[in-house]
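Participant: Below are the sequence and a predicted model; questions follow.
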Amino acid sequence: MTTRRRFSPTEKAQVVMETLVPKANVAEICRTHGVHSSQVYEWKRAALAGMHLALTGSASPDATLRAENARLKKLVAESALVIDRLQETLGGNSVGKNDGGGS
């Protein structure tokens with residue numbers, strides 16, 4: 001049984017770049033680097049998709065998630081402020097209020 005080799009992002013990029021050279025022999029590149037051709041085509045597809053996103057200005061999935069996370073944090077903070085004000089208005093002690101220990 002053979003062990004599975006892990007390729008670093010730099011190694012993957014190098015292999016993909018070699019396949020982009022005009023008249024590149026993908027089979028030979030695969031043999032040289034010890035990787036199956038289907039894996040190289042998957043890396044190439046992912047690289048081209050990433051380039052497309054970068055060139056069209058589309059946000060990456062990570063950037064989209066970060067923006068949504070920031071939006072939700074803001075909503076939670078605003079809700080906490082509203083709850084705090086309502087508790088003060090109703091005469092109750094607010095949860096996060098520091099009144100110096102006197103009640």
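Facilitator: Yep, it's here.
Participant: ok, the residue nearest to Lys12 when sequence neighbours are not counted - how many residues close by?
Facilitator: Closest residue in space to Lys12, ignoring its immediate chain neighbours: Trp43 at 4.9 Å, by CB to CB, 6 or more residues apart in numbering. Every C-beta, even on glycine, is put in place using the N, C-alpha and C of the backbone. Neighbour count for Trp43, taken as other CB atoms under 10 Å: 19.
Participant: So for the helix or strand harbouring Trp43, what gets flagged as buried?
Facilitator: Assigned by DSSP states H and E, Trp43 falls within helix 37-56. Buried residues in helix 37-56, counted by 16 or more other CB atoms under 10 Å: 40, 43-44, 47.
Participant: any idea which of these is closest to Leu20?
Facilitator: Lys44 (7.9 Å; CB to CB).
Participant: if I pick the nearest residue to the closest one once chain neighbours are set aside, what's in contact with it?
Facilitator: Closest residue to Lys44 apart from its sequence neighbours, by CB to CB, 6+ apart: Val16 at 5.1 Å. By CB atoms under 8 Å, 6 or more residues apart in numbering, the contact set of Val16 is 40, 43-44, 47.
Participant: Can you tell me how far Ala47 is from Glu78?
Facilitator: Counting by CB to CB, to the nearest Å, the gap from Ala47 to Glu78 is 41 Å.
Participant: all helices of the chain, in order?
Facilitator: 9-19, 26-33, 37-56, 61-89 (DSSP state H).
Participant: Take these and lay them out in JSON lines including distance to Thr2 and mean pLDDT.
Facilitator: Listed next are the helices of the chain as JSON lines, based on distance: least, CB to CB, whole Å; pLDDT from 0 to 100:
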{"stretch": "helix 9-19", "distance to Thr2": "18", "mean pLDDT": "95"}
{"stretch": "helix 26-33", "distance to Thr2": "15", "mean pLDDT": "95"}
{"stretch": "helix 37-56", "distance to Thr2": "14", "mean pLDDT": "89"}
{"stretch": "helix 61-89", "distance to Thr2": "33", "mean pLDDT": "90"}
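Participant: okay, stretch 69-77 in PDB with CA atoms only?
Facilitator: Extracted in PDB, the C-alpha atoms of stretch 69-77 (Å, rounded to 0.1, in the frame of the first residue of the first chain):
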ATOM      1  CA  ASN A  69     -20.500  37.600  10.800                       C
ATOM      2  CA  ALA A  70     -19.800  41.400  11.300                       C
ATOM      3  CA  ARG A  71     -23.400  42.200  10.400                       C
ATOM      4  CA  LEU A  72     -24.700  39.700  12.800                       C
ATOM      5  CA  LYS A  73     -22.400  40.900  15.600                       C
ATOM      6  CA  LYS A  74     -23.700  44.400  15.100                       C
ATOM      7  CA  LEU A  75     -27.300  43.200  15.300                       C
ATOM      8  CA  VAL A  76     -26.600  41.400  18.500                       C
ATOM      9  CA  ALA A  77     -24.900  44.500  20.000                       C
END
